[in-house]
Each structure stands twice: as C-alpha cells, then as structure tokens.
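*Asks:* Have a look; sequence and predicted model below, questions after that.
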Amino acid sequence: MDVRIRPAHTTEFGTLGEITAQAYLQDGLLDFGESDEYLHELRNVAKRASAAEVLVATQDGHVVGGVTYVPQGGPMADIARPGEAEIRMLAVAPEARGRGVGEALVRACVERARATDGCTRIVLSTQRTMRSAHRIYDRLGFTRTPGRDWNPLPHLDDITLLTYELTL
C-alpha cells in the first residue's frame, strides 16, 4: 500500500492523538497507563501543532501514523542544540505496522531538516523498548549518542531515554 506523508489537518488531530496515545499505551511505554501525565501530551496534537510541524502518514485516505518535527530552535525541542532539528512522538497504528509507515515519517523529517539552511543534524530520543523504531533509525544512518541520553523524570531512576543523531 502506498504511504503518503503530509502536514496534519486540524480535523485529524483527534485521530492522530488517539493513534499516538494508543501506540504508547499498547507498547507499554507509559509507566502509569491511562493515568500517565504524558498521555495528555500525546493526545494534544493541537498544542504541538502550534509549536512544531505535525506530519501524518495516510494509507488509502486513512491516517495511520504521525510524527512531530521540531525545526531547529523550536520550542518543543527536548535535546536539540543550535543547528539541530528534532523528531518527537513518532507513532504508527498497530494495524499499519510493518508496512514502512514509521520509516516514511522519519524520512520526511530528515528531508525537512536537510532542506533547512543552517540545520546540520537531526536528533531524537527513544525508549529502550522501542526496538522496531531503533531498527528504522539504524537503517537510515542515525547513530547512538549515549552522552546525550537523559531522564525526563529525574525522580524515577529507571527512565532513561536513548538518543540518536543523524548528521546531514
């Protein structure tokens, strides 16, 4: 099936928010399940679309995934430094996995970063258990940057996000 990547329409925010939330919940990526504070952020596509570029993947006219692309200097950046863009909240609906959707979304972010003057690198954070995403990053030439690994919840010792970068 043909995967198309484009900016999200406001009418799709609810669908993408639920795909993102369910992907994280079903993969066991939220420590507190439905009561996890981050779940609200995952569902709030309108908020991130006001501060970054939200892309959707569609197949047969249906939204099957999405990603947040944070341009260099964007307010939603977690780890990006000057001259770096960042990928956040990559999610693919369970029924669309294994069809190249995640890779197409990451490639779209890389293309945007490459087309931006002064952008020399694209970075991202990921959880240890997101192994299928790690395979995508490896395939596309991203490298691990252990020196940038970080903990978004310092009061919980066991949550260290792994970081990757791609020099453009």
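*Replies:* Alright, I've got the coordinates.
*Asks:* What segments of this structure are helices?
*Replies:* Secondary structure of the chain, counting by DSSP state H: helices at 13-26, 37-43, 45-49, 101-114, 131-139.
*Asks:* starting at the chain centroid, how far to the fourth one?
*Replies:* Right, helix 101-114. When distances are taken as Cα atoms, centre = their mean, to the nearest Å, helix 101-114 is centred 10 Å away from the chain's centroid.
*Asks:* same question, the last one
*Replies:* How far helix 131-139 lies from its chain's middle: 12 Å, per Cα atoms, centre = their mean.
*Asks:* tell me which residues of the lowest-mean-pLDDT helix or strand in the chain are tucked away?
*Replies:* Every helix and strand in the chain was compared by mean pLDDT, DSSP states H and E; the lowest is helix 37-43, with a mean of 84. For helix 37-43, the buried set under the neighbour-count rule, 16 or more other Cβ atoms under 10 Å, comprises Y38, L39, E41, L42, R43. Bear in mind the C-beta positions are built from the backbone N, C-alpha and C, glycine included.
*Asks:* Y69 against E53, yeah?
*Replies:* Yes: between Y69 and E53 there is a contact under Cβ atoms under 8 Å: 4.4 Å.
*Asks:* In terms of neighbours, single out the busier of those two.
*Replies:* Y69 (27 against 19; other Cβ atoms under 10 Å).
*Asks:* how much space is there between that one and N151?
*Replies:* 24 Å (Cβ to Cβ, to the nearest Å).
*Asks:* How about A46?
*Replies:* A46 is 28 Å from N151, by Cβ to Cβ.
*Asks:* Surely D78 and E86 touch.
*Replies:* Yes: using Cβ under 8 Å, D78 is in contact with E86, at 6.7 Å.
*Asks:* pLDDT weak spots in this structure?
*Replies:* For the chain, the stretches flagged by pLDDT under 70 are 1, 27-36, 153-158.
*Asks:* let's see it at 90
*Replies:* Low-confidence segments of the chain, defined by pLDDT under 90: 1, 22-41, 73, 127-132, 150-161.
*Asks:* Any idea what the closest residue to D78 other than its chain neighbours is bridged to?
*Replies:* Nearest non-adjacent residue to D78, counting by Cβ to Cβ, 6 or more residues apart in numbering: S125, 5.9 Å away. Under DSSP bridges, the beta-bridge partners of S125 are T163.
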